[in-house]
Structure formats: structure tokens, C-alpha cells
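Undergrad: need a structure here:
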Amino acid sequence: MSIFRFSSPRSVAAFLLGGVLSGFLLAELAVLAEDVDQRVLEAEKKRIAAVEKAKPTVVAIFNKDGKGGGSGVVISKDGYALTNYHVVQGSGAVMRCGLSDGVLYDAVLVGLDKVGDVALIKLLPKDGKDFPFAVLADSDKVKAGDWSLAMGNPFLLATDFTPTVTFGLVSGVHRYQYPEGSKGLLEYTDCIQIDTSINPGNSGGPLFNLDGDLIGINGRGSFEKRGRVNSGVGYAISINQIKNFLGHLMAGLDTDHATLGATVDAEKEEGVGGRVIVRTILDDSDAHHRGMEPDDEVVEFGGRHMGSVNQFKNVLGLFPKGWRVPLTFRHKNEKKEVLVRLMGYQARLFDDKGKEVQADDKQPMGGGDGPAAKLYEPKHGFANYYFNKQQRDRLLAGFKKHGDFAGLNGQWTIDADVDLLRKKGAPAKLTISEVKDADGKNPHPVVHLDLDGLKYDLEPLKQGQDLRNLKQPVGSGGVMLALYYYRQLLTLGEKGFVGQFYHGGHEPFYPPAAGKTPQDQRTDTEVMRTEEADINGKWFFSLKDQSLLGFEVTVEDHDDPCEVYLSEYKMVDGKMLPHRIEVRNGNETFGVFNVKSYQIGKAK
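TA: Next up, the predicted model:
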């Protein structure tokens, strides 16, 4: 028992006075509590509700042995979750994940974005129960000064998997953080800067708004020069950037970011503000093919006005390799609006046959014999090929509902009237058939086209032929070859493409429409990628019903593809086929085939 002793009467007086003052203070506080503005109490209530809504979705991530540490967030009822690439790089492709329900779940890597420091994983459900999941917000609506909530597992404090919550301000938006290391990985573009405390272990965890909706994935903090503790400066990858890559991640891809194939610099003009000027450009870039040259001004890119190099880098970092995006540039005082195909960001490497391959960083590896390990299939160019096959087969099953063409790989004949650049309604007849050599052996495909009195013949699989043959008629980019591969897809599916046949994620597609801007034309699609006889194909399917909206066939790398746009589907012998086929190459429309009839033969 402790006994207080006073050293003097003054001490006694001070103690009694302090007691009286404390009494008055407590009474005053009680009065103030009754007078608290209801808006303050409502804000507190809303904040607590947001935490309770979000908490069940937050993931504590460990390696398969229960060691290490990081964070994540579930984004679907079947257990898909987002985290950082640098988290799964440490945990491996097979991991364990805890939720606030106290349960530890098996999990597996699905997709990777090494440049953007994002990974998609999948938690395996128990007892068939759905997972709680976070709602993806519109991060473009986030403003500096907004409140935010960070949740995760800093310093591995969540031993019972209940996340730590921190609360603070959004300090800035559209921030750019340079890549780490020499390989260009872990580049944070157009990211959200926060003073909401994040520390080691928060990596991969969610950043929520006060509605409890997901606005970003926390990943970087200004730790290097300040020690491994929070400094009040952290960075979250915006959820809108991740949305652009999510289709690729779901397809098990080891995806890449984009580059325009040009370097830019800022130029200031008095009274005008910043201008972004092209300094150098690659000859094989699509931007150059669309007419861009050094000293041109980049006016708008990806729907945003360009006023600085920082803005340009931020917008560029939003897109995956291969996407087409709107670009407006000024060339010799003439403004041009085009769609440009974006090149890959990562270093370009080539195998011993001269074929381009993707640069690899350290790849998370699987292991063990648990349930998650059975869902991991390594393959070059993929984060997890198992999930690519799942997405591919789902897409093909949906596509097949529009017509089953199996076994119908006999002779095909298409009769049409074609609106050409200089003539409307030109008659056309295209046939695709199998022929044999004079000795009755070696059957091989032959495509024949009669177009407005001109005759064209093509053996699409003939070895060593002049590539110009594959691009005929001139100006089409190879429509005969393209329609041959279209028949291959319909009748043989994967068996019609020996080289590659895989799901390519999601991409915007731009069906031509008179009087509309590229952004107005945009339709989001899921993509199949094919290769046969060194010819690359890209096939665009509706996200809604998996109908085929169009495709591209590229004869030579970095050459303009033959673009085919399909519409006006009608029933033919119980199968849906397009009756309007528009063909474009480069900046021009070759022609529009208005189909009068199809004749589809069975294989003999």
C-alpha cells in the first residue's frame, strides 16, 4: 500500500486546489459532452461503420510454413484477393492467408504485375462458404484532403489475423514514384500519397475511403532515409490502375506495362504553360506508324490533357502492353487524333531463333502437396498457367453457344458485295478449301478470292513464300489470310493453332462508327491470343455474351495488322454468323463486305 506524504502546508494547499480544479474540469467536460455537435458524432459513427464493413475483407499473408508477412484484401466472393508483387515474391506461389474470422486459409498465386507491384492471389474456401469482399471504388474521385483508412498487418501484429487500422489524410493524388532498381520494376504511377500510417507488413493491404470501399493498395513508404518506421509519407497504387490490369491478372498472366515507344520532354512557353514535346521515337512503334515524329507535341493521351512529363508518365503507367488508347498530337500545326497500340515496357530479349521473349525477374515458386499447390502450373510468360486455362475454356464455352462449327471444316464459300474506297457494291466471292497435290497426297489449305473481277490465290501455310502474298489484296493487310484463320477458330478451336492459344486478358476494342470519337467507340472485351505458322492473331470477345466482335492478324512483327470488325449477326443453319465484315489496315478502310450468303461444308 502506498502512502502520500506532504512536505509542507503549501503542498497540502496545492493538492486541495488541484482537486477542486479537477472537479470543475470534469464538470465542464460533462457539459461539453452534452453539447458535442451531432455532425462530429455522426462522422465518428460513419468511420466506425466503415471499419466494421471493411475489416472482414483484409488478409494477413504468410508463406506456406506460416512465416514472413504481408497484407492483402479480398475482392470477390470466391476468394480472389489483391496484394503486392513484392509480398508474393517473399511468400512464394503457395501461401497461407488469415482473415479476421480467425481462420487460416490455403492460397495460391494467380497473376502478376511486376512493374506496378501488384499480384492477384486466390484463397481457397472452406465448407463452400462465400468470402466477404471489398467494393472497388472510383479512385479518380479521390482528392487531396480526403480522409482514408489503411488496414493490414504492420510489424506482424495481427497474430489473430485481426487487422490494424490507421486513419489519416490523402496527402496528394497523381503522384509518380520512380522504379526501384535497374529492371524498371515497382514503378508507382498515378498513385495516391497518404499520411495515413503504413509500416512494414502493411504492404499489399487495402486503402479505403470512409464508405469502406477500396481506393488503393498500399505498397511504398518513404522509409529508406528515415529508418524502417512510418514517416507520414506513404503511397498506394490506385484501384483504377489495377482495374485495367485485372483481366490480365485473372487470366494468370505475368503482365507487362506499356510504353509509347517515344521519349518526351517538357517545354515552357510564356503565357501558354507546359507543352510535352516528342524528342525521340522508335521507327517500329505504332505511334510512328500513325504519323508521330520528333518535335511533335503530345496534346492528349488516354483521355487526359498533357502539360508535363510527370503527367505523361502517370498516364502511361495506367495501361498494359498491347492496349490501344486515344492519342492526340500536333504535327506541323496540324492536330491529329488516332488510336495507338502501346509497346511493352520491360526490357526486350530475344531467344536463339530471334523470337522476342519477356524479361523475367525472380518468379515466385510453388511447392508442397497441399490443395493450393494443385492449382499452380508454371509456364514461361505466365504467373500461373492453370488459371489461364480456366479463363480460356470458360470463354470458348460461352463463344460456342453462338454456334457449334466442329466438323464443318470442309469448303467454305462467302458471297458478298464490297464497298471499296473507290467503288461501292463490288462483287466478291471467297472460298476456303483443302486441295491435294497432283499425286493425290499432301492436302493443304487454299484461299481464293474474286474481287471486282480480280483474282487472288493464297496457300496460307506454304513455307518460304514471299510475305507480300500473305498480305493480299494490297491495302488489306491480309484479309484472305485473316478469314482463313477465322474459319480455323470456328471449326477447330485450339487445334487450329499449333503455336499458341491462350487467354490474353481484357482490352478496349474500338468498332468503327461514323461521327464518333475513339473514346465514344470503346467497348471493353476479353481477348484470345493465337499463333500459327509465325502469324499472330488477337481475337476480341464481348464481355457480356462472349460473341466475337472482331480480330487482328499480323503478318510481320511491328507491321500494321489486318483489322476485321464483325457485326450484323444473323442465323445461318442454326449458327450465328456476321453479315457485315469491315476490313481496315493502318489508317485506312480497305472495304466493307456485305455478306449475301454463306455455304459451309463438312469435312470429307
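
Undergrad: how about the residue nearest to residue 87 when sequence neighbours are not counted, phi and psi?
TA: In space, residue 87 comes closest to residue 70 once its chain neighbours are excluded; the distance is 3.5 Å by C-beta to C-beta, 6 or more residues apart in numbering. Every residue, glycine included, has its C-beta placed from N, CA and C. For residue 70, the backbone dihedrals (degrees, to the nearest 10) come out as phi -180, psi -170.

Undergrad: residue 70 pairs with what?
TA: residue 61 (DSSP bridges).

Undergrad: and residue 538, how many residues sit next to it?
TA: Counted with other C-beta atoms under 10 Å, residues neighbouring residue 538 total 19.

Undergrad: and the gap between it and residue 482?
TA: For residue 538, the distance to residue 482 (C-beta to C-beta, to the nearest Å) stands at 11 Å.

Undergrad: overlap of the contact sets of those two?
TA: In terms of C-beta atoms under 8 Å, 6 or more residues apart in numbering, residue 538 and residue 482 are both contacted by the residues residue 551.

Undergrad: sheet partners, orientation included, of whichever helix or strand residue 576 is part of?
TA: Taking DSSP states H and E as the definition, one finds residue 576 inside strand 575-585. Partners of strand 575-585 in the sheet, by DSSP bridges, are strand 562-572 (antiparallel), strand 588-600 (antiparallel).

Undergrad: which parts of the longest one are buried?
TA: To tie it back to what came earlier, the one meant is strand 588-600. Of all the residues in strand 588-600, those buried under the rule 16 or more other C-beta atoms under 10 Å are 589, 590, 591, 592, 593, 594, 595, 598, 600.

Undergrad: can you tell me which of the residues you listed is nearest residue 99?
TA: residue 600 (52.8 Å; C-beta to C-beta).

Undergrad: that closest one contacts residue 573, doesn't it?
TA: Yes: applying C-beta atoms under 8 Å, one finds residue 600 in contact with residue 573, separated by 6.9 Å.

Undergrad: sorry, back to before: got the contact list for the residue nearest to residue 87?
TA: Taking C-beta under 8 Å, 6+ apart, one finds 60, 61, 83, 84, 87, 90, 91, 153, 201, 203, 204, 205 in contact with residue 70.

Undergrad: look up the closest residue to the spatially most central residue of the chain, ignoring the ones flanking it.
TA: Nearest to the mean C-alpha position of the chain, by C-alpha atoms, centre = their mean, lies residue 245 at 1.5 Å. Spatial nearest neighbour of residue 245, excluding adjacent residues (C-beta to C-beta, 6+ apart): residue 113 at 5.2 Å.

Undergrad: quick one: contacts for the one you found?
TA: Neighbours of residue 113 in contact, by C-beta under 8 Å, 6+ apart: 85, 119, 242, 245, 248, 249, 255, 257.

Undergrad: the same query, at a cut-off of 10 Å, please.
TA: 84-85, 119-120, 185, 237, 241-242, 244-246, 248-249, 253-257, 320, 383 (C-beta atoms under 10 Å, 6 or more residues apart in numbering).

Undergrad: end-to-end on stretch 121-132?
TA: 15 Å (C-alpha to C-alpha, to the nearest Å).

Undergrad: which parts of it are buried?
TA: 121, 122, 123, 124, 131, 132.

Undergrad: turn those into TSV, including pLDDT.
TA: As requested, the buried residues of stretch 121-132 are exported to TSV (pLDDT from 0 to 100):
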residue	pLDDT
121	98
122	98
123	98
124	97
131	97
132	97
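
Undergrad: helix/strand/coil for residue 329?
TA: strand (DSSP: H, G, I helix; E, B strand; the rest coil).

Undergrad: renumber starting at 887 from here on
TA: Right, with 887 as the first residue, what we last looked at is residue 1215.

Undergrad: which non-adjacent residue is nearest it?
TA: residue 1182 (5.0 Å).

Undergrad: would you confirm that that neighbour contacts residue 1166?
TA: No: the criterion here is C-beta atoms under 10 Å, and residue 1182 misses it with residue 1166 at 11.4 Å.

Undergrad: just checking, residue 925 is part of a helix?
TA: Yes: counting by three-state DSSP, residue 925 is part of a helix.

Undergrad: now it: how far from residue 931?
TA: 11 Å.

Undergrad: neighbour count winner among those two?
TA: Between residue 925 and residue 931, counting by other C-beta under 10 Å, residue 931 is the more crowded of the two (11 against 8).

Undergrad: helices along the stretch 1337-1486 of the chain, start to end?
TA: Under the criterion DSSP state H, counting those that start in this stretch, the stretch 1337-1486 of the chain contains helices at 1353-1356, 1365-1378, 1404-1407.

Undergrad: about what we covered before: can you list the buried residues in the strand holding residue 1462?
TA: Neighbour-count burial for strand 1461-1471 flags 1461, 1463, 1464, 1465, 1467, 1468, 1469, 1470, 1471 (criterion: 16+ other C-beta under 10 Å).

Undergrad: would you format those residues as CSV with pLDDT and distance to residue 1390 included?
TA: Shown next, in CSV, are the buried residues of strand 1461-1471 (pLDDT from 0 to 100; distance: C-beta to C-beta, whole Å):
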residue, pLDDT, distance to residue 1390
1461, 96, 25
1463, 98, 24
1464, 98, 21
1465, 98, 27
1467, 98, 22
1468, 97, 22
1469, 97, 22
1470, 96, 20
1471, 96, 21
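
Undergrad: and those residues as a markdown table, adding distance to residue 1349?
TA: A markdown table is the format used below for the buried residues of strand 1461-1471 (distance: C-beta to C-beta, whole Å):
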| residue | distance to residue 1349 |
| --- | --- |
| 1461 | 33 |
| 1463 | 31 |
| 1464 | 31 |
| 1465 | 35 |
| 1467 | 29 |
| 1468 | 31 |
| 1469 | 26 |
| 1470 | 29 |
| 1471 | 25 |
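
Undergrad: farthest pair within those residues?
TA: Across those, the longest distance by C-beta to C-beta is 28.1 Å; it joins 1461 and 1471.

Undergrad: domains of this protein?
TA: As given by automatic domain parsing, the domain ranges for the chain are 922-1142+1236-1281, 1144-1230, 1298-1486.

Undergrad: need these in TSV with distance to residue 1292, can you?
TA: Listed next are the domains of the chain as TSV, based on distance: least, C-beta to C-beta, whole Å:
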stretch	distance to residue 1292
domain 922-1142+1236-1281	15
domain 1144-1230	30
domain 1298-1486	7
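
Undergrad: now the residue lying closest to residue 1453 once chain neighbours are set aside, which residues is it bridged with?
TA: Leaving out its chain neighbours, the residue that sits closest to residue 1453 by C-beta to C-beta, 6+ apart is residue 1466, at 4.7 Å. Counting by DSSP bridges, residue 1466 is bridged to residue 1453, residue 1480.
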